[in-house]
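Enquirer: Fold the following.
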Amino acid sequence: MLERLSLRMRILLFFVFLAFGSVAAMVAGGWLILSRSDTAGLAGEMIQAAILAGFLILFLVTGIWYLFDAHVARAIDSLANAIRTRAHTDVSNDIRQEKERAKYLGDLAPAASEMTRALAQTRSALAESVARETSRLSAEKARLEKLLADVPVAVLLCTADYQLVFYNGQAVTILEAGGAPGLDRNLLDYLREGPVRHAYERLSKLNDPEAASDLICATTGTGRLLSGRMRVLRRTDNIQRPGFVLTLRDVTADLATHAAREALLDEVFDKVRRPAANLQTVIGVLSEDAEMAQAQDLMAALLSEVQTLTAAITDLGKRYDEGRSDWRPMGQTRAQDLMDGVSAQFNVLGLKIETEGPDLMLTCDGFELALFFRWLGEKLSATGHGQTFRLCLAEEDGPGAVFDMLWQGEALPVGVLDGWLSEPLDTDLPDMTPRAVLNAHATEAWTETRKDGWAAVRIPIPKARRATRRPAPIDREVVYDFELLSKERNAEVLESRLEDLTYVVFDTETTGLTPSSDEIVQIAAVRLVNGRRVRREVFDTLVDPKRAIPQSSTEVHGITEDMVKGAPTIAEAGKRFHDFARGAVLIAHNAPFDMEFLRRHEKNIGARFDHPVLDTVLLSAVVYGQLEQHSLDALTARLGITIPEEARHTAIGDTVATADAFLKLIPMLKARGLNTFGDVLSEVRRHGRLLKDLNSSS
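Expert: From the prediction side, this is the model:
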């Protein structure tokens, strides 16, 4: 029990025991003397003397304790905190203020100053040595990061729980749902779940790091179709469920290029055929002219060559029209992935569709077919044929399969469908027609009316096969070194280590200091993952408070009413911030103030801020004691963090400073034995009530 008490509390208890022990000893001695004395008058005088002596002892001990506490205990505490700060952070300035407090401690303060100075010199020399040894690796790392950033496909590395460990610049563009991606966020927030989960489960059972699975998937926001390839990392002893690498490519541009090329080739063939026919006609006329008899042999030869050229061009055009599927090799597309992509497309259009069919591998361009079915559903809906559809896949007796697009309602005439097939498939792909898609797959589409009242459009797929498992692989050695991949994610938040949690540090600027009536005018936040601030993952937005901003508030944070005109309301900005902070621990300096603003608007935002919360005011009290100053300026100055003057009292400036301070507090908390979130929370609760009024603002 005594080991958990602070030094000052132990010293206070020592003097308390000394005072009461002295009084008790005096009382015991007086009682012993009186019990053996026969003098009656002596008792009253001794009692009076004992009471006076007791008060004098208490006064003397209290005075000595006060001087000892002020000049010894507090000085030792201050000196210990300064040493601990320099031991666990990169603060290197001299402990001048602490030396002044410890002037009555003899040689202890100079010795501590020499120790911290030697530590700073050793750390500086070590840092220089490490910098020299790693300069080459840093250059290679920069080149690798540049190379990965310029890769024309999105590259993502994820854990088995679909948490993002790495992503490049292309991923920011492609993963468009819920804002930009972030480290330790869930991939399934951005991509539809079915194809990704199925591909991972299929590959993880193989235990083959060389195996890869092609898939098509759609984004959760707009239903954009993406081409993907997944490869699972090698399973190791400490990673029973390995992560995976996923590359994604948006094929819309490829489809547009292909459509434009087909249109260009059609135009070339048309332009070549007509001059060839005209030339043949002219030569025929010339060969019949008497004046050209002397050149008849030449004309005959020329006619023969032109006929050969015309026949070759005609044959080439015919083969191009009949065999467009040979323009590129068709890939293997899983039927379930294709139908999931079609469902995503229909959801975006506000249409309902049910999909069913066996698990087949189709030799086709899944993206073109998905766009074809979307186009067909949109046309049928626009012409009043139906709003609810079924997409059924069935195996045929041969190597193929057939898709049926079904709806309850009026059947579609064959002539109408033929007319539609010549229209553009999409406004973004004006040169690609549905007929071109069918030709590319060497298939046709026709309409049917079934006896059960369903109308249908049938589209055969020439090549299809049942999905089968690969044979057992040859074991190969592959090594990866990404800390996020090896983290255990099954622990509850209270049992989680501080360095294993993801944090969102935030700050707000407001119209005033009354959360019940004032409003937010700016929200800023940064994310901390794996013990570091992710510099590109930043949330910063102005907020329209829908009320006047007092001049006194503008003088503090610099935000005027003109600046917030057109900015999102708290409902929109709060929802975006809630998405940014999903799954993280919230941190703020004087967090109750900011959280009260947010929680007051939870109904309008449509989300609850039920995240775990830490307050750096209370963390500072845990580390440095309650009698120190715990404002943001005092804390950052103590930790050697400089806030630029122009950034102070701005949401993003204070947020970055708070984040850097928290990262420096983590090793100091761990040095006190506070290793888990639950440990910190229990310690913080001891300080909360005492500091509630002391730190009403940052």
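Enquirer: Walk me through the domains of this structure.
Expert: 2-108, 151-250, 254-322, 331-336+347-466, 487-691 (automatic domain parsing).
Enquirer: Can you give me the neighbour number for Arg599?
Expert: Look at Arg599: counted by other CB atoms under 10 Å, it has 14 neighbours. Bear in mind the C-beta positions are built from the backbone N, C-alpha and C, glycine included.
Enquirer: same question, Arg84
Expert: Using other CB under 10 Å, Arg84 has 16 neighbouring residues.
Enquirer: same deal with Leu13?
Expert: Neighbours around Leu13, by other CB under 10 Å: 12.
Enquirer: Secondary structure of it: a strand, I assume?
Expert: No: going by DSSP: H, G, I helix; E, B strand; the rest coil, the assignment for Leu13 is helix, not a strand.
Enquirer: Quick check: the residue nearest in space to the middle of the chain vs Gln163, distance?
Expert: Nearest residue to the geometric centre of the chain (CA atoms, centre = their mean): Gly182, 2.1 Å. For Gly182, the distance to Gln163 (CB to CB, to the nearest Å) stands at 10 Å.
Enquirer: Also Leu338?
Expert: Distance of Leu338 to Gln163, computed by CB to CB: 27 Å.
Enquirer: Among the two, which residue is more densely surrounded?
Expert: Leu338 (29 against 22).
Enquirer: which residues are contacting the host helix or strand of that one?
Expert: Using DSSP states H and E, Leu338 maps to helix 335-349. By CB atoms under 8 Å, 6 or more residues apart in numbering, the residues outside helix 335-349 that reach it are 192, 194-195, 198, 215-219, 222-223, 225, 352-353, 355, 357-362, 364, 366-367, 369-371, 373-374, 377-378, 381, 389, 391, 393, 401, 464.
Enquirer: Filter those down to the ones in strands?
Expert: 215-218, 225, 352-353, 355, 360-362, 364, 389, 391, 393, 401, 464 (DSSP state E).
Enquirer: Buried subset of these, written for ChimeraX?
Expert: The following ChimeraX line selects those of those that are buried, judged by 16 or more other CB atoms under 10 Å:
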select :215,216,217,218,225,353,355,360,361,362,364,389,391,393,401,464
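Enquirer: buried residues in stretch 550-563?
Expert: Ser553, Thr554, His557, Ile559.
Enquirer: didn't the first one look like it was pressed against Thr510?
Expert: To tie it back to what came earlier, the one meant is Ser553. Yes: the pair Ser553 / Thr510 is scored as a contact, 7.1 Å apart, by CB atoms under 8 Å.
Enquirer: Determine the residues that are contacts of both of the two.
Expert: Between them, Ser553 and Thr510 share the contacting residues Val521, judged by CB under 8 Å, 6+ apart.
Enquirer: what about the helix or strand hosting Gly415, distance to the chain center?
Expert: Using DSSP H and E, the element containing Gly415 is helix 414-420. Taking the mean of its C-alpha atoms, helix 414-420 sits 47 Å from the chain's own mean (CA atoms, centre = their mean, to the nearest Å).
Enquirer: which parts of that helix are buried?
Expert: Quick answer for helix 414-420 (16+ other CB under 10 Å): Leu417, Trp420.
Enquirer: Among the buried residues of stretch 550-563, pick out the one closest to Met405, please.
Expert: Using CB to CB, the shortest approach to Met405 within these belongs to Ile559, at 54.6 Å.
Enquirer: In contact with the closest one: list those residues for me.
Expert: Glu509, Val521, Gln522, Leu542, Ile549, Ser553.
Enquirer: wait, doesn't the third one sit right on Thr508?
Expert: Yes: checked against CB under 8 Å, the pair Gln522 and Thr508 is within contact range at 6.6 Å.
Enquirer: which residues are common contacts for those two?
Expert: Joint contacts of Gln522 and Thr508 (CB under 8 Å, 6+ apart) are Ala651.
Enquirer: Specify the local secondary structure of the nearest residue to Val27 once chain neighbours are set aside.
Expert: Nearest non-adjacent residue to Val27, counting by CB to CB, 6 or more residues apart in numbering: Ala50, 6.4 Å away. Put simply, Ala50 is helix when judged by three-state DSSP.
Enquirer: Return the residues in contact with the residue nearest to Asp426 when sequence neighbours are not counted.
Expert: Closest residue in space to Asp426, ignoring its immediate chain neighbours: Leu371 at 6.2 Å, by CB to CB, 6+ apart. Residues counted as contacts of Leu371 (CB under 8 Å, 6+ apart) are Leu225, Leu255, Gln345, Leu425, Asp426, Leu429, Val437.
Enquirer: what about Pro209, neighbour count?
Expert: Pro209 has 21 nearby residues by other CB under 10 Å.
Enquirer: Need the pLDDT of the closest residue to it other than its chain neighbours.
Expert: Excluding the flanking residues, the one nearest Pro209 by CB to CB, 6+ apart is Arg234, at 4.3 Å. The model reports Arg234 with a pLDDT of 77.
Enquirer: what helix or strand does Arg234 sit in?
Expert: Applying DSSP H and E, one finds Arg234 in no helix or strand.
Enquirer: is it true that it touches Phe244?
Expert: No: with contact defined as CB under 8 Å, Arg234 does not count as touching Phe244 (10.9 Å).
Enquirer: and those two? which has more neighbours close in?
Expert: The residue with more neighbours, out of Arg234 and Phe244, is Phe244; 24 against 17, by other CB under 10 Å.
Enquirer: Phi, psi for the more buried one please.
Expert: phi -150, psi 160 (degrees, to the nearest 10).
Enquirer: separation between it and Gly606?
Expert: Counting by CB to CB, the gap from Phe244 to Gly606 is 33 Å.
Enquirer: ditto for Asp615
Expert: In terms of CB to CB, Asp615 sits 26 Å off from Gly606.
Enquirer: Show me what secondary structure element comes after the helix or strand hosting Val437.
Expert: If you go by DSSP H and E, Val437 is part of helix 434-440. The first helix or strand that comes after helix 434-440 along the chain, using DSSP H and E, is strand 446-449.
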